[in-house]
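[1] Any chance you could fold what I've pasted below:
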Amino acid sequence: MPPPLAPEALRGDSTTKLRGYRPRLNPTLVTPAATKLAPGLENLPAPASLALPVKPEQVRITEFRPLGLVEVENLAEVNNPDLKAIASQVDQAQSNLRAQIAQWYPNLNLEANSLPSFTTGQARSVANNGLTTNAATDRWDFGAAITAQWSLINPQRVPTIAAARDQFEKAKFQYVIALRDLRLQAASSYFDLQQSDDQVRIGQESVRASIVSLRDSKARFQAGVATKLEVLEAETQLSRDQQLLTNSLAAQAIARRTLAALLDLPQNVTPTAKDPARVFGIWQPSLQESIIAAYTFREELDQALLDISIANSQANAALGAVQPFLNIFAGFSGSIFNGNDPIIVAGPGSEGSNYDTTLGVNLSWRLFDGGAAAAQSRQNKQLAQENTFRFAQRRDGIRQEVETSFYELEKNNRNIVTTSREVISARESLRLARLRFQAGVTTQREVVDNQRDLTQAEVRFSNSITDYNKRLAELRRRTGLDQVAGCTPQSLPAIKPAGASDVPVEPTPLIPACQAAAQGAV
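    Presented below is the predicted three-dimensional model:
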């Protein structure tokens, strides 16, 4: 793809001076969208565009489909309706360009006013001498004319076609932008789903830990070595963790359906995350390299340049309205008649035919229009000037976007380091607090506080990983670079370690809100 701004191109021939720099999309630099579903996903095509479920059974979820990030991107590129709509806009722009190119071709028209026609009637006339004449009309006519016209000089033709061609290129750029935005949106939605799964895991572990604490406090209370206050504190912490789990489950369901809507999956399928949340990789380019790559990569800058060219072409077309138009035309017409028409035909019952051929040149020139064409041309020139400012605004915005994502990536990288240490220390603090509580040298309050600290630390650690992956995906989208060093896979044991996770989390029945609020008020 050419650089966003080429001053040497602006100093080129006269055509470039009139229209401005006109970038073109290089298909070799754009990864095309997938056109068919990958193996294993053939049963997840998008529903018919105009299909609308009418029965509850049609929208009831019957399948949870685990998906990876690559599968999500494939489904989004094939199924997403918004991307299909933008692809249709590209086809519309191409059809409009073809319609404007047709101005170079001659027009051929066929007209037939009598195909055929029959006239009947009675005519009566009285002369000055009192003589009355009656005449009857019974006549068949068949006539047709064919004409051809070609514009030798049309001042609006070239700029109109140039504007349509630029609109077509702009539509192709818009499709590429939408495709890359869709890939970013799909990755972000997938990371959100991974985060929601991690939040559910954290909530379940917190509930299990609270169940263990409540069980220990009740046992100590029954043994007479603890107070009722410690039992109440454990019950309060269990309620907090159950609320966290409830919120996490709701967020998980919403994240799944958000991804399903983006992928336009069948109405009875809900996607789930196949892979757990983990750090995606390390961004290798520097900030300066990322900014320069973004300037070269971003199609938004090319679109701004095309807007300048379109406005200049429209200005030239407006001036063409007050310039001479020269057309060459040729025509052939003929008619056949049979019957009696005393007005047109001298003798009754006559028949005959006539043919005419015409060839010539016509000229039209609007000599004065009150300055409307000049004003409209000036308006489009001013629009071109406005688009130059829009280019500068977009250039500055692109740099700000890259810098924001880069600095946010560094921030989340540091957050991963600090929150991972926080999780480790919080786990050890909770372990020591439980030992102290079992030895009778501390209270349930210390256990509850350390358990809450551990939960909050795990939530912050999960959020930092998700935010890091999102910023990484944003940098890949905004710079066009794919220089990401993957992380070394962790070596995990084949057997899950035993511990507090063995405590089952029983499902809590849903109490109506009115009844639950009344219990809380009491």
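[2] Please name the nearest non-neighbouring residue to Phe221.
    Spatial nearest neighbour of Phe221, excluding adjacent residues (C-beta to C-beta, 6 or more residues apart in numbering): Val231 at 5.2 Å. The way it works is simple: take the backbone N, C-alpha and C, and place the C-beta from them, glycine included.
[3] so the one you found is in which element?
    Here Val231 sits within helix 228-263, counting by DSSP states H and E.
[4] Would you mark the buried spots in that helix?
    For helix 228-263, a neighbour-count test (16 or more other C-beta atoms under 10 Å) marks 230-231, 233-234, 237-238, 240-242, 244-245, 248, 251-252, 255-256, 259-260, 262-263 as buried.
[5] any idea how far that helix is from the chain center?
    Taking C-alpha atoms, centre = their mean, to the nearest Å, one finds helix 228-263 lying 32 Å from the centre of the chain it belongs to.
[6] One more: stretch 202-209?
    Taking C-alpha atoms, centre = their mean, one finds stretch 202-209 lying 39 Å from the centre of the chain it belongs to.
[7] Same check on stretch 311-326?
    35 Å.
[8] hmm, who's touching that stretch?
    18-20, 151-156, 158-160, 162-163, 166, 361-367, 369, 372-374, 376-381, 383-384, 387 (C-beta atoms under 8 Å, 6 or more residues apart in numbering).
[9] picking up where we left off before, and the gap between the residue nearest to Phe221 and Tyr355?
    As judged by C-beta to C-beta, to the nearest Å, Val231 and Tyr355 stand 113 Å apart.
[10] Run a quick check on Gly143 versus Glu111, I expect a contact.
    No. Gly143 is beyond contact range of Glu111, at 9.2 Å (criterion: C-beta atoms under 8 Å).
[11] what lines up beside the helix or strand following the helix holding Val231 in the sheet?
    Next along the chain after helix 228-263, taking DSSP H and E as the criterion, comes strand 269-273. Here strand 269-273 has these sheet partners by DSSP bridges: strand 63-67 (parallel).
[12] Determine the next helix or strand in the C-terminal direction from the partner strand.
    Using DSSP H and E, the next helix or strand after strand 63-67 towards the C-terminus is helix 69-79.
[13] on contacts alone, who are the packing partners of that next one?
    Helix 69-79 is packed against helix 157-222, helix 228-263, with contacts defined by 3 or more C-beta pairs under 8 Å, 6 or more residues apart in numbering; DSSP states H and E.
[14] Show me the helices in the stretch 251-400 of the chain, by range?
    Here the stretch 251-400 of the chain has its helices, by DSSP state H, counting those that start in this stretch, at 287-297, 299-319, 372-439.
[15] quick one: the second one to helix 157-222, angle?
    It stands for helix 299-319. 150 degrees (axes from the mean of the first three to the mean of the last three C-alpha atoms, to 10 degrees).
[16] Kindly report the same for the last one.
    Compare the direction of helix 372-439 with that of helix 157-222 by the same axes, to 10 degrees and you get 10 degrees.
[17] same check, this time on the shortest one
    Interaxial angle, helix 287-297 versus helix 157-222 (the same axes, to 10 degrees): 140 degrees.
[18] Sort out which residues of helix 287-297 are buried, please.
    So, applying 16+ other C-beta under 10 Å, buried residues of helix 287-297: Ser290, Ile291, Ala293, Ala294, Tyr295, Phe297.
[19] correct me, but the first one touches Gln483?
    Same thing as Ser290. No. If you go by C-beta under 8 Å, Ser290 and Gln483 don't touch, sitting 9.5 Å apart.
[20] Assign the closest residue in space to Gly440 that isn't next to it in sequence to helix, strand or coil.
    Distances taken as C-beta to C-beta, 6+ apart place Val225 nearest to Gly440, at 6.3 Å, with adjacent residues excluded. Here Val225 is recorded as coil under DSSP: H, G, I helix; E, B strand; the rest coil.
[21] Touching, Val225 and Val441? I think so.
    No. Counting by C-beta under 8 Å, Val225 does not reach Val441; the two are 11.7 Å apart.
[22] residues contacting the closest residue to Gln103 other than its chain neighbours?
    Closest residue to Gln103 in three dimensions, ignoring its sequence neighbours and counting by C-beta to C-beta, 6+ apart: Arg157, at 4.7 Å. Shown in contact with Arg157 (C-beta under 8 Å, 6+ apart): Gln103, Trp104, Ser151.
[23] Just the buried positions in stretch 273-287, please.
    Across stretch 273-287, burial judged by 16+ other C-beta under 10 Å covers Ala273, Ala277, Phe280, Gly281, Trp283, Pro285.
[24] try stretch 146-165
    151, 154-165.
[25] same question, stretch 74-82
    Residues Asn74, Leu75, Ala76, Glu77, Val78, Asn79, Asn80 are the ones in stretch 74-82 that count as buried (16+ other C-beta under 10 Å).
[26] same check, this time on stretch 24-37
    Across stretch 24-37, burial judged by 16+ other C-beta under 10 Å covers Leu25, Val30, Ala33, Leu37.
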